[in-house]
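1. coordinates only, sequence not included:
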Ligand code: UT7
């Protein structure tokens, strides 16, 4: 009997209406459009409206993904939602999405791996589908990082934004066209947990806290970790920088993306970059970038797409997907 593959059926994204430009930020803290663009590539980011919560963003992205897939909510039996900014401490934001879609069967849960959350969620969903336990999964990355930013700290508040993206994955027992998730590789190293963290939490301070980051330290480790885990993906599949069609990295910093592509020998025209439009949206950044490249016709059925992310923990990971 042929093996099950997790095949991409649809993709959707959502950005909140309010757009905050670098010029707007220069009115709030001691920064400039020049500094932000040169150091990060970011030009603007979107901020959730008062009362608009992570599950609202996630639900909008999920509906768009279902429409793209031509599926009904009832066709979904698993929701894996990556977020570090849940609506509430509990229940999981994923169950609000499930209820919002009117789904009462199957399972929904959150997963927390900060900026690597989407790759972790994809790997988790892929393993559930390959095991035959579920049939169709919504893999969602959704964040409202604006709620954990210290808006007086110029070293962090200029970097992040809000947004959501969703992918519909379907278990297909058909290897004929080679589509699906080909391999995933997840890593973490908790020795670095204080390099990028939130200084509050349920069990430590009983409060939410603010994001704190030693940016230079994160930067110093990023390219090496990203390239290592991509080499793992290449070794597992026999693919390489030449055979991939698209590189869709976590959108944190244009300089990290460019340096990783150069180190791996990936041609610049294969690199999908959207960080300029939405900043670092943590777990949402990869599906937002995928959705942009899908909508403008770049990513097409049959393309080989390389994903990677690195973030707090540190956590990092890669995935290779035949679209
Ligand atoms: O998604 C999770 C992973 N996170 C990341 O990937 C972030 C990784 N880190 C980075 O992207 C970069 O380290 C940053 C963009 C955060 C910072 O860029 P950098 O080139 O590493 O700058 P730096 O931290 O070394 O700061 C250089 C200077 C400092 O001034 P002095 O000490 O040289 O006088 C900072 O105080 O830039 C100053 N600075 C700013 N100036 C204007 C820091 N933030 C700002 C700002 N506007 N917003």
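-> Received, thanks. Every value quoted in this text rests on a predicted model; they were computed, and no experiment measured them.
2. anything in the helix or strand encompassing residue 260 near the ligand?
-> Element membership of residue 260 [criterion: DSSP states H and E] is helix 254-264. Yes: shown here: helix 254-264 in contact with the ligand (C-beta under 6 Å from any ligand atom) through residue 256. To be clear about C-beta, it is placed using only N, CA and C from the backbone, and glycine gets the same treatment.
3. Of all the residues in that helix, which ones are buried?
-> 254, 256, 257, 258, 259, 260, 261, 264 (16 or more other C-beta atoms under 10 Å).
4. for the first one, what are its contacts?
-> Taking C-beta atoms under 8 Å, 6 or more residues apart in numbering as the criterion, residue 254 is in contact with 40, 41, 42, 273, 275, 276.
5. Same check on the fourth one?
-> The contact partners of residue 258, taken as C-beta under 8 Å, 6+ apart, are 268, 271.
6. any chance of the contacts of residue 254 in JSON lines, plus pLDDT, secondary structure and distance to the ligand?
-> Formatted as JSON lines, the contacts of residue 254 follow (pLDDT from 0 to 100; DSSP: H, G, I helix; E, B strand; the rest coil; distance: C-beta to the nearest ligand atom, whole Å):
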{"residue": "40", "pLDDT": "98", "secondary structure": "helix", "distance to the ligand": "5"}
{"residue": "41", "pLDDT": "98", "secondary structure": "coil", "distance to the ligand": "9"}
{"residue": "42", "pLDDT": "98", "secondary structure": "coil", "distance to the ligand": "9"}
{"residue": "273", "pLDDT": "98", "secondary structure": "coil", "distance to the ligand": "14"}
{"residue": "275", "pLDDT": "98", "secondary structure": "helix", "distance to the ligand": "10"}
{"residue": "276", "pLDDT": "98", "secondary structure": "helix", "distance to the ligand": "14"}
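7. is it true that residue 275 touches residue 286?
-> No: checked against C-beta atoms under 8 Å, the pair residue 275 and residue 286 is beyond contact range at 11.3 Å.
8. anything in contact with each of those two?
-> residue 251.
9. in what helix or strand does residue 164 lie?
-> strand 162-172.
10. so what secondary structure elements neighbour that strand?
-> strand 5-14, strand 44-47, helix 54-69, helix 117-130, strand 136-144, helix 285-295 (3 or more C-beta pairs under 8 Å, 6 or more residues apart in numbering; DSSP states H and E).
11. Which of the ones you listed sits closest to the ligand?
-> helix 285-295 (7.8 Å; C-beta to the nearest ligand atom).
12. In contact with residue 141, which residues are there?
-> Counting by C-beta under 8 Å, 6+ apart, residue 141 has contacts 81-83, 117-118, 121, 164-166, 281-288.
13. If we use 7 Å, what do you get?
-> For residue 141, the contact set (C-beta atoms under 7 Å, 6 or more residues apart in numbering) comprises 82, 117, 118, 121, 164, 165, 283, 284, 286, 287.
14. Many thanks, we can stop here.
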